[in-house]
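> need coordinates for the below:
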Amino acid sequence: MRVSARLHVNSPRSRLLTNGPGRSVSTPLEGGLPATVQRKPLPWLVVAFLICVFIPWLWTIGPLLLLPYRLVLLVGFLPCMFLWLAGKAGKIRAPDVLILLYCLWCTISLFVVHGAQTGLQSGGIIVVETAGAYFFGRCFIRGPEQFYAMTRLLFVIVAIMLPFALLEAVTNTNIILGLFSKVFPTHVEAVKEARWGLRRVQGVFEHPILFGVSCGAILALVHMVLGGGKSAAKRWSATLVVFTAAFLSLSSGPITALLAQVSLVFWNWLLANDARRWRYLWTIALSFYTFIAVASNQSVFEFLLTNFSFEPASAYYRVIIWRFGSDSALNHPFFGVGFGRWDRPSWMPPSIDMFWLYHAILFGIPAAVFMMGGFLTIYMSIAFRKETDEQRLRYRTAYLIVMTGYFLVGWTVHFWNATYVLFLFLLGSGSWLLDGGANPGPSRQRALDRPSRPRVSAKAVTPRAVLPPKRR
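Next up, the predicted model:
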């Protein structure tokens, strides 16, 4: 008997192969995917996009700066919109609309503050980078097979960069950026101060912080998606590769996100048999928040910034960014200040190291609401969705842990260029977890694997005389 390899990944029979008439054998799992399942390859646009995210070339056409990943997004933008509008990527959801509203509001704000030329040029780039990257993940990552393949490709890229990162940390020589610069212009090499006897690693990004955020973002995915079904040694070895690469940025923000992911992975493992483990964690977090709010003379936000940073000066600077940045957003609530000077003292640098506040300052409070709303609606929708399939549950947990890391680091770091589009892509890549009905649990799957038998009435085989008397 010939058995087709095109079996649905969630089908209970996808774990079985026919071995002669009336016989079946289980197949081993690799990376959490049944070996009998034909893995759907990543679309070539996604492969090109993820590779180009880590290529630091800078091309210019007149006033336009063209980065490699922008070209891929331009090519795939209209196909993504067609797939989305045609319902080929599932039904239209609230996060999709909020992301598009963010793009629209940013463009309107630039028109109001700077005029038509800047509105068209910079607004167009915002649309391509924001909606384009989000809908790449939304439309092209449509199931566990592609989610797994995406994670594997990102891990390979980080693993390739690790040896160069180690050399840069020890010798302060950015070899990989130097190799790329021999072909086309690249980012300027940043000034990297020494910390703990090492140099902060910049890699292919504009700043060490961006290197740490981009590499460390996939830690939970590598551990729980790529490492699913593998031995503990292989799983933790791959996780260590990601942790080491991101740690070499030697930045408090990325390292905080790393430690948060590791802690959540450990918590999930420690209480794996308790379905209420996340309720316990929320209770602990809320209790901790309440204690700080009552006992400290600082706000909770300021307390966390000043106590979880490598340098007190860096922590203090982020506190004043929050104070003056919030005032600036309130002074220009609807359209922000655009690319002009935001309201701050003359001695204060212009950088805004706070992703979640950045949008309110530049484009107005509605833009910040749309961006935060898009993030929270997809995060909470996936978090509260009931899942019984073991694989989907593991993938969901990994996705939520990664997004938690992004949420935390976004209060101390701004995402821009490649780091920004990678964040939006990963945000959209989990939307497939909202599609389809809840899968049957293990007991239900075993019941489905058994051949159905006709039900026989008890009255048909049991003599009436021996039936127990009815209770009155």
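
> ok, now which ones touch residue 354?
With contact taken as Cβ atoms under 8 Å, 6 or more residues apart in numbering, residue 354 is in contact with 318, 321-322, 325, 410-414. Backbone N, C-alpha and C define where each C-beta goes, glycine included.

> 7 Å - rerun?
Shown in contact with residue 354 (Cβ atoms under 7 Å, 6 or more residues apart in numbering): 318, 321-322, 325, 411-412, 414.

> closest one of the residues you listed to residue 53?
The closest of those to residue 53 turns out to be residue 414 (Cβ to Cβ; 17.0 Å).

> neighbours around that closest one, how many?
Neighbour count of residue 414, defined by other Cβ atoms under 10 Å: 21.

> how far away is the residue lying closest to residue 71 once chain neighbours are set aside from residue 66?
In this structure, residue 71 finds its nearest non-sequential neighbour in residue 52, 7.5 Å apart by Cβ to Cβ, 6 or more residues apart in numbering. The gap separating residue 52 from residue 66 is 11 Å, by Cβ to Cβ, to the nearest Å.

> what about those two, which has more around it?
Neighbours per residue (other Cβ under 10 Å) separate residue 52 from residue 66, with residue 52 holding more: 18 against 14.

> could you pull out the helices for the stretch 151-300 of the chain?
For the stretch 151-300 of the chain, the helices defined by DSSP state H, counting those that start in this stretch cover 175-181, 208-216, 219-221, 232-247, 252-270, 277-295, 300-307.

> as CSV, the ones you listed with mean neighbour count, mean pLDDT and distance to residue 192 would be great.
As requested, those are exported to CSV (neighbours: other Cβ atoms under 10 Å; pLDDT from 0 to 100; distance: least, Cβ to Cβ, whole Å):
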stretch, mean neighbour count, mean pLDDT, distance to residue 192
helix 175-181, 16, 93, 12
helix 208-216, 28, 95, 6
helix 219-221, 28, 96, 23
helix 232-247, 18, 95, 15
helix 252-270, 19, 92, 14
helix 277-295, 11, 88, 33
helix 300-307, 16, 75, 22
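
> distance to residue 390 added to these, as JSON lines?
What follows is the helices of the stretch 151-300 of the chain, written out as JSON lines (distance: least, Cβ to Cβ, whole Å):
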{"stretch": "helix 175-181", "distance to residue 390": "39"}
{"stretch": "helix 208-216", "distance to residue 390": "26"}
{"stretch": "helix 219-221", "distance to residue 390": "17"}
{"stretch": "helix 232-247", "distance to residue 390": "16"}
{"stretch": "helix 252-270", "distance to residue 390": "13"}
{"stretch": "helix 277-295", "distance to residue 390": "16"}
{"stretch": "helix 300-307", "distance to residue 390": "35"}
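
> out of these, which comes closest to residue 394?
Comparing the helices of the stretch 151-300 of the chain by their distance to residue 394 (Cβ to Cβ), the top pick is helix 252-270, with 9.1 Å.

> got phi/psi on residue 334?
Here is the backbone geometry of residue 334 (degrees, to the nearest 10): phi -90, psi -50.

> that one - nearest residue in space that isn't next to it in sequence?
Leaving aside its chain neighbours, residue 334 sits nearest to residue 364 (4.8 Å; criterion: Cβ to Cβ, 6+ apart).

> got it, and residue 351?
Using Cβ to Cβ, 6+ apart, the closest residue to residue 351 is residue 414 (7.5 Å).

> in this structure residue 410 contacts residue 358, no?
No. At 9.1 Å, residue 410 does not count as touching residue 358 under the criterion of Cβ atoms under 7 Å.
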